[in-house]
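In: model the following, please.
(chains A and B)
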Amino acid sequence: QVQLQESGPGLVKPSETLSVSCLVSGASMMTYHWLWIRQPPGKGLEWIGYISSSGSTNYNPALKSRVTISADTSKNQFSLKLKSVTAADTAVYYCARSSGYFYFDHWGQGTLVTVSS
Amino acid sequence: DIQMTQSPSTLSASVGDRVTITCRASQSINRWLAWYQQKPGKAPNLLIYKASSLESGVPSRFSGSGSGTEFTLTISSLQPDDFATYHCQQYNSSPYTFGQGTKLEIK
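Out: Residues are numbered from 1 along each chain as shown, chains lettered A, B, ... in the order given. Take a look at the predicted model:
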């Protein structure tokens, strides 16, 4: 079955770069789109961006200047980098899969990243 | 960006009740709407896509309806496992946006 597993640093200092990875098993990265979504503690969900099956990317304009999503299909994983973080970037970061239409049918369990000095 | 507004924000109900959650879009999204269930400390779980299509494995007591700007999620007979937070999400256009969530509590 499809499984997604995030890994991240847990704690990042303000102004530094947040890096989170997602390991995919049970599905080909060349067939689906792969996304990042975040949820600040006690708040709603925010779509960050995706990398498509062809390698193209699309980002939320609210974060676009700070976000990079990349994929390494040989390792079956994709990654999120968010630069110049502040406390407002503290959230659970989820990776997810889209089958073509942009609803999300498989999710990782999420990784909490806290921005604090 | 398309704004998604859910109502109510909190809903208290009992096992066996029929409940309805509403999601409104700030502009027409046709039927490009999904619903998710989220339990504390867990990732969201897809329930419904394209407004009314039930995801595989989701119990038939869940149903969705609507088109354009107004949508509903209905649970026909609440079970203990259904007490959770529910989110709607539009995928008509990027950026894909979510409602603020509806917390379904035990009365």
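In: what's opposite A:Ala91 in the beta bridge?
Out: Taking DSSP bridges as the rule, A:Ala91 bridges to A:Val113.
In: burial of it, as a residue count?
Out: 23 (other CB atoms under 10 Å in any protein chain shown). Glycine gets a C-beta too; all of them are placed from N, C-alpha and C.
In: what do you get for the one 10 residues further on?
Out: Here the neighbour count serves as a burial measure; for A:Tyr101 (other CB under 10 Å) it reads 13.
In: element containing the residue most central in space within chain A?
Out: By CA atoms, centre = their mean, chain A has its centre lying nearest to A:Trp36, at 2.9 Å. In the assignment (DSSP states H and E), A:Trp36 maps to strand A:33-39.
In: by contact count, what packs against that strand?
Out: strand A:18-25, strand A:46-51, strand A:67-72, strand A:91-98, strand A:104-107 (3 or more CB pairs under 8 Å, 6 or more residues apart in numbering or on different chains; DSSP states H and E).
In: just how off-centre is the second one within its chain?
Out: By that I understand strand A:46-51. Mean-position distance between strand A:46-51 and its chain equals 7 Å (CA atoms, centre = their mean, to the nearest Å).
In: same thing with the fourth one?
Out: Using CA atoms, centre = their mean, the mean C-alpha position of strand A:91-98 is found 5 Å from that of the whole chain.
In: that strand to strand A:33-39, inter-axis angle?
Out: Comparing the axes of strand A:91-98 and strand A:33-39 via axes from the mean of the first three to the mean of the last three CA atoms, to 10 degrees yields an angle of 150 degrees.
In: relative to strand A:67-72, how tilted is strand A:91-98?
Out: Going by the same axes, to 10 degrees, strand A:91-98 makes 50 degrees with strand A:67-72.
In: could you dump strand A:91-98 to CSV, C-alpha only?
Out: Output of strand A:91-98 as CSV, limited to C-alpha atoms (Å, rounded to 0.1, in the frame of the first residue of the first chain):
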residue,chain,number,x,y,z
ALA,A,91,3.6,24.0,12.0
VAL,A,92,3.1,20.3,11.3
TYR,A,93,4.3,19.7,7.8
TYR,A,94,2.5,17.0,5.8
CYS,A,95,3.5,15.4,2.5
ALA,A,96,0.7,14.1,0.4
ARG,A,97,-0.2,12.6,-3.0
SER,A,98,-2.5,13.8,-5.7
